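Student: predicted coordinates and the sequence they were generated for:
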Amino acid sequence: MPTGKPAVPSVWARQRTKREQPALSQDRIVAEAVRLLDEEGVEALSMRSLGTRLGAGATSLYRHVASKDELIELVVDEVYGELEVPAAEEAPDAWRESVTACAGSLRAMILRHPWIASVLGQVGLAQLGPNLTRQSERMLALFHRAGFPAGEADRAMSGVIAYVIGMTVSEAAYLSMLARSGQSEQELMEGLRRVAEQSVRDLPLLREGYDQRADEDPARLRDEGFAYGLERFLDGLQARLDVLASRQD
């Protein structure tokens, strides 16, 4: 039976060749792909455009990366290596501060690389990548140290990650639109506010909210909105820990 094709369709299921061309390696391809994505967005990413930036033909790239799908897996894992996950402290009460820092780092990573917003749904088995698995292990340790049992720690961690991604993917898409507009965020918001005020003139609750935010710094509002939602989510996790602790008494 042929064994050339991996049973699992992922870059992480294939062994890397021991020898790679000195001038062109998988690591160099991935690093350049991240730069291309940061500068030009996901629409500009192709094996041909990447090869041009590297001074190599697309065929040469395929010796190191089998497909564009595998390249997406690789770049996602690469940027996940930027996360800063605090070590699990001995004191269980430190979990909340550590998870907050970790969530903030994940948000910052997504905002540095807003293209990730459009590829998270197409990364295949990226969770098998070395950076993502290492960071997941460190994050999971925070929830174990907090007092969540093994079966719940993973769910608690997944819930926090889902909140961060859900909030930040929308924020990243907004910031990408802002960059394309050529305006500052303040300029864009002032223009939108005039349109919004007309749209909500007969809706008192929405109008009140727009009025209250009229002179606020939009970047600060984004930070505060993210922090508020995260705090409420962590309140729920703390309530669950309290229940678990009461059952042990």
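Tutor: Everything's here; your move.
Student: so Leu87: helix, strand or coil?
Tutor: You called it Leu, but residue 87 is Ala. Here Ala87 is recorded as coil under DSSP: H, G, I helix; E, B strand; the rest coil.
Student: what's the closest non-adjacent residue to it?
Tutor: Residue nearest to Ala87 in three dimensions, not counting chain neighbours: Arg138, with 7.3 Å by C-beta to C-beta, 6 or more residues apart in numbering. All C-beta atoms are positioned from the backbone trio N, CA, C, and that covers glycine.
Student: which strands and helices lie in contact with the helix or strand harbouring that neighbour?
Tutor: Element membership for Arg138 (DSSP states H and E) is helix 130-146. Counting contacts by 3 or more C-beta pairs under 8 Å, 6 or more residues apart in numbering; DSSP states H and E, helix 130-146 packs against helix 68-80, helix 95-112, helix 150-181.
Student: what's next to the second one, contact-wise?
Tutor: Yep, that's helix 95-112 we're talking about. Helix 95-112 is contacted from outside by 38, 79-80, 82-86, 88-89, 116-117, 139, 142-143, 145-147, 160-161, 163-165, 167-169, 171-172, 175, 226, 230, 234, 238, using C-beta atoms under 8 Å, 6 or more residues apart in numbering.
Student: using the three-state scheme, assign the residue lying closest to Leu74 once chain neighbours are set aside.
Tutor: Counting by C-beta to C-beta, 6+ apart, Leu74 lies nearest to Val30, which is 4.8 Å off, once chain neighbours are set aside. Reduced to three states with three-state DSSP, the structure at Val30 is helix.
Student: quick one: Val30 and Glu197, what's the gap?
Tutor: Distance from Val30 to Glu197, counting by C-beta to C-beta, to the nearest Å: 47 Å.
Student: between the two, which one's more packed in?
Tutor: Counting neighbours by other C-beta atoms under 10 Å for Val30 and for Glu197 shows that Val30 has the greater number, 20 against 14.
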